[in-house]
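>>> Sequence and computational prediction follow.
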Amino acid sequence: MASQRLKRGVRGALAATAVAVAAVGITPVSAGAQPATASDALKKYNELGEQATKLNEELLRAQEQEKNNQAELDKAKGEVDTATKAGDAARADEEKFRSRVDRLTEASFEGARFNQLSALLVSDSQQDFLNRMSALGVLAMDNGEALEELSGAVQAADAARDTASEAEKRAQTATDEAKKIADDVRKRKEDLDKQRTEVKAQLNRLTSAERTNLGSVGSVPTNVNYPAGAAGAALSFAMSQIGDMYQYGATGPNVWDCSGLVMKAYASAGVSIPRTSQGQAGVGRAVTRAEAQAGDIVVYNGGMHVGMAVSNSQVVHASTDGVPVKVVPFNNPGSIYAIRRIG
């Protein structure tokens, strides 16, 4: 594994410039197209890269929220379906019991039901009268039970319809919210594409030396102390991607954004973590800068960027368009926002 990482690092160091140029479509520009100074171009490039990275993070969060809303919408639709079936069943019971009451009523019209006086008048004996009265009691009780069941069925149907109505309202709210988020995602994608175009255009204005420096993987550590467990496996995966190019929204296998690289690194170790850098800022447990060690997740710039500690002094990260995955000094990516340890 170590020889493979070293081989990949050497390959990246030798070919990164050519890869960077091809990846972002850099073409030579005339002298008149150059900015006042090369440092101005590099500064502008870094600013645009940071803006695009922030926008990419916001886009990922919007997409994540859209996914969550869709799950809520599906749940609400399921509740509507369940409530509708319950309502249908209640209404079927209602019809069944109503028919039962109607039959009893019809029987009473036909003489099956007698009042006490008629029972007395037609009875042949005292025992016959008692038998008739007993039969009338059974009929009355039966009719009363049927009416109670009918009332219960009606109430059940009403409750089911109320439940369905509430579920439909929730489903509609979730649908409307999902649409708003989807529209927001599309708008963010358009903004991100514009930013990426600006970044690529700015790359054209860099000097050859600056482009070479951006496209280089720099010095690749060969004596990394990989910790045991998931952290070590994740770091090994991240280090094996050195030389791969950055791409907004990418999660591999040969191009990455910052959080995509960290997510897939831990996934390779069997650990599921959030897709976004802000989500990754909340996993595991917090450690201090002094405690940072290989495999820790290091989040920068208010949660807008993330890398993985190679040691207490270095991190490996996918930084921005035109730059390969590389190892840099710990504070190089920006202001430290959080350091989290898995396991």
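Looks like it arrived, so ask away.

>>> CA atoms for contacts and neighbours, from now on please.
Noted.

>>> worst-scoring helix or strand of this structure, pLDDT-wise?
Of all helical and strand segments in the chain, the minimum by mean pLDDT, DSSP states H and E falls on helix 2-24, at a mean of 38.

>>> Helix or strand next in line after that one, which one?
Later in the chain than helix 2-24, the nearest helix or strand by DSSP states H and E is helix 38-109.

>>> which helices and strands does that next one pack with?
Applying 3 or more C-alpha pairs under 8 Å, 6 or more residues apart in numbering; DSSP states H and E, we find helix 38-109 packed against helix 126-203.

>>> what about the closest residue to Val298 other than its chain neighbours, which SS state?
Excluding the flanking residues, the one nearest Val298 by C-alpha to C-alpha, 6 or more residues apart in numbering is Ile339, at 4.6 Å. Secondary structure, DSSP: H, G, I helix; E, B strand; the rest coil: Ile339 is strand.

>>> State the pLDDT value of Ile339.
For Ile339, the model assigns a pLDDT of 98.

>>> quick one, what contacts it?
Shown in contact with Ile339 (C-alpha atoms under 8 Å, 6 or more residues apart in numbering): Ala281, Ala286, Val287, Thr288, Arg289, Ala292, Asp296, Ile297, Val298, Val299.

>>> In terms of secondary structure, what does the strand or helix carrying Val315 contact?
For Val315, the host element (DSSP H and E) is strand 314-317. With contacts taken as 3+ C-alpha pairs under 8 Å, 6+ apart, strand 314-317 sits against strand 305-309, strand 326-329.

>>> Sheet-wise, list the partners of the longest one with their directions.
Sheet pairing of strand 305-309 (DSSP bridges) gives strand 297-300 (antiparallel), strand 314-317 (antiparallel).

>>> will you turn the ones you listed into JSON lines that also has mean pLDDT?
Below are these laid out as JSON lines (pLDDT from 0 to 100):
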{"stretch": "strand 297-300", "mean pLDDT": "98"}
{"stretch": "strand 314-317", "mean pLDDT": "98"}
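
>>> Can I get the ones you listed in JSON lines including mean neighbour count and distance to Ala228?
Below are the strands paired with strand 305-309 laid out as JSON lines (neighbours: other C-alpha atoms under 10 Å; distance: least, C-alpha to C-alpha, whole Å):
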{"stretch": "strand 297-300", "mean neighbour count": "27", "distance to Ala228": "15"}
{"stretch": "strand 314-317", "mean neighbour count": "26", "distance to Ala228": "18"}
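
>>> so can I have JSON lines of those showing distance to Ala90?
Shown next, in JSON lines, are those (distance: least, C-alpha to C-alpha, whole Å):
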{"stretch": "strand 297-300", "distance to Ala90": "56"}
{"stretch": "strand 314-317", "distance to Ala90": "60"}
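
>>> nearest to Thr212, of the ones you listed?
Closest of the strands paired with strand 305-309 to Thr212 is strand 314-317, at 18.3 Å (criterion: C-alpha to C-alpha).

>>> What is the nearest of the contacts of Ile339 to Leu192?
Checking the contacts of Ile339 one by one against Leu192 (C-alpha to C-alpha), the nearest turns out to be Val299, at 21.4 Å.

>>> quick one, what contacts that closest one?
Counting by C-alpha under 8 Å, 6+ apart, the residues that Val299 touches are Ser277, Gln278, Gln280, Ala281, His305, Val306, Gly307, Ile336, Tyr337, Ala338, Ile339.

>>> from those residues, which is closest to Leu203?
The closest of those, once distances to Leu203 are taken by C-alpha to C-alpha, is His305, at 20.9 Å.

>>> neighbours around the closest one, how many?
30 (other C-alpha atoms under 10 Å).
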